[in-house]
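Student: how would this look folded up:
(one chain, ligands or ions: 1)
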Amino acid sequence: MLDALEDLYADSGGAEPLDPPTRFVDREGENDGRSGVGDGDDKGGGPRCPYSEKPPSPKPPSPRDDSHRVPPSRYDQGLIAPPSVDPERLPAPFVGCGCGDCNVDPFGNGGTPVTEVCPTPQPMTRGTAREVYRRVVGSNRETPNRTSKVESARQWYANLLDGDAYLRAEMEGLTTVLVSLRLSPTDDNGKVVTPWQLTEDLYANVGAVMDSLRYSLGQKHDFDFEYARITSGTRQWVTPHLHIYCWIADPDDSVSPEMFRRPVAKHVERCSRASWDAHDVVNTDAVRIEHDPLLATRCGDEGDGIDGLRDVTPTRGVVYVAQQMPHLALAGATEPWEIDRAVAAWVSSRQWVSTSEGFPDYGDVQAFKETDDDDS
Ligand SMILES: [Zn+2]
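Tutor: Sure thing, here's the model as predicted:
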């Protein structure tokens, strides 16, 4: 289930400053209310993670209904969310006919929304949703549209790399840490769980993880630090996982893996899909510490549309996490799993990219760049 780190810190290629993105300051544990219905869990229907603070279910799922989960060989036929999720809470392009009699065009060419004609609208299958994403988001991209998901992702990309350069310059003795939290994509019967549910499980305890991280680094060890949190999906089955990339002022190189054990435990011990096998803070890639962060020689892949940012030299770690952002999918990369990752992010009500409150904003970065120009 681990996505290998074979491409970790792989070189990537140049980019130019973009408009400031809409900022999502970290509000972990919160969502816009679209979530809250379980996946019809094998162990009794409720949320998998026992300490979840999900809002009450408006429509409780049947505990034994897991027909929307499929064996890996039928991956494309699996639904993107459990049928128990209220269709009104899902993005309209990804809601399809559930009765089989409506004859509606899944690509929205019929005019009438499926929710108005179908008595039982339901989340689409992965295969259909992938095609819808290609057409819907792809067509948006053909017209200049600063608010499109692809454009927004690019702006985020630039913001993360700019912020990284700023923090590298401002923090004394920068240490970076990449914390990665994962879970199993299959249930006890070996069936692949919906991306919507996996994201819910991943986020169920993220508030506790972040609280613990802030306590450990900030209060207990008195570090000055910032972070960016990015959800990605693996190549295999697009299993959502969290990357928390930390910039820490650490002049004595005293940041250690032990400082992350309790934050990581908030995820592993509370989420039944997570295990210590993948999260040992010393012997796995769950906590990767760089006291002397490697720098990127390129900022993006050729053809991915991120062809500026020539004036910053980001750490390789930030390029690694930024490149995993969903919705960069159509900016050059069109592998099915990359589209599936973008679909999963869109279907989920969770914020897949966010930063700490003190992360440099557009104004900080511009002032920093001007000072830098004056100096040179
Ligand atoms: Zn129907």
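Student: so for the residue lying closest to Trp352 once chain neighbours are set aside, what's the pLDDT?
Tutor: If the residues on either side of it in the chain are set aside, Trp352 comes closest to Thr231, at 4.1 Å by C-beta to C-beta, 6 or more residues apart in numbering. Bear in mind the C-beta positions are built from the backbone N, C-alpha and C, glycine included. On pLDDT, Thr231 comes in at 93.
Student: Thr231: helix or strand, and which one exactly?
Tutor: Using DSSP states H and E, Thr231 falls within strand 224-233.
Student: quick one: low-confidence residue ranges for the stretch 151-300 of the chain.
Tutor: 298-300 (pLDDT under 70).
Student: can you name the residue of it nearest to the ion?
Tutor: Thr194 (19.8 Å; C-beta to the ion).
Student: helices of the stretch 251-376 of the chain, start to end?
Tutor: With DSSP state H, counting those that start in this stretch as the criterion, the stretch 251-376 of the chain has helices at 261-268, 316-322, 336-347, 362-375.
Student: and if you look at the stretch 101-250 of the chain?
Tutor: Using DSSP H, counting those that start in this stretch, helices in the stretch 101-250 of the chain cover 114-117, 126-142, 149-170, 195-203, 206-214.
Student: report the buried residues of the shortest one.
Tutor: Pointing back at helix 114-117 there. For helix 114-117, burial by neighbour count (16 or more other C-beta atoms under 10 Å) applies to Val114.
Student: circling back to that earlier point, deepest in the core, which of the helices of the stretch 101-250 of the chain is it.
Tutor: Mean neighbour count, computed with mean count of other C-beta atoms under 10 Å, is highest for helix 195-203 among those, reaching a mean of 27.
Student: so it versus helix 261-268, what angle?
Tutor: On the basis of axes from the mean of the first three to the mean of the last three C-alpha atoms, to 10 degrees, helix 195-203 is oriented at 150 degrees to helix 261-268.
Student: who does helix 195-203 touch, helix- and strand-wise?
Tutor: strand 224-233, strand 240-249, helix 336-347 (3 or more C-beta pairs under 8 Å, 6 or more residues apart in numbering; DSSP states H and E).
Student: get me the contact residues on this protein for the ion.
Tutor: The chain has residues 97, 99, 102, 118 near the ion, with proximity defined as C-beta under 5 Å from the ion.
Student: neighbour-wise, which of these leads?
Tutor: Greatest neighbour count in the residues of the chain next to the ion, by other C-beta atoms under 10 Å, goes to Cys118: 21 neighbours.
Student: now do the residue in the stretch 251-376 of the chain positioned nearest to the ion, the pLDDT please.
Tutor: Residue nearest to the ion within the stretch 251-376 of the chain: Val347 (19.4 Å; C-beta to the ion). According to the prediction, Val347 has pLDDT 91.
Student: gap between it and Arg270?
Tutor: Applying C-beta to C-beta, to the nearest Å, the value for Val347 to Arg270 is 23 Å.
Student: between these two, which is the more surrounded one?
Tutor: Neighbour count, other C-beta under 10 Å: between Val347 and Arg270, Val347 has more, with 27 against 18.
Student: could you measure from that one over to Ala129?
Tutor: Counting by C-beta to C-beta, the gap from Val347 to Ala129 is 8 Å.
Student: mutual contacts of the two, please.
Tutor: 80, 94, 123 (C-beta atoms under 8 Å, 6 or more residues apart in numbering).
Student: follow-up on the earlier one: neighbours of the residue nearest to Trp352, how many?
Tutor: Counted with other C-beta under 10 Å, the neighbours of Thr231 add up to 25.
Student: just grab the bridge partners of it for me.
Tutor: Counting by DSSP bridges, Thr231 forms beta bridges with Leu242.
Student: what's near enough to touch it?
Tutor: 199, 202, 240-243, 326, 345, 350, 352-353.
Student: about what we covered before: any chance of the residues of the chain next to the ion in JSON lines, plus pLDDT?
Tutor: As requested, the residues of the chain next to the ion are exported to JSON lines (pLDDT from 0 to 100):
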{"residue": "Cys97", "pLDDT": "87"}
{"residue": "Cys99", "pLDDT": "86"}
{"residue": "Cys102", "pLDDT": "82"}
{"residue": "Cys118", "pLDDT": "88"}
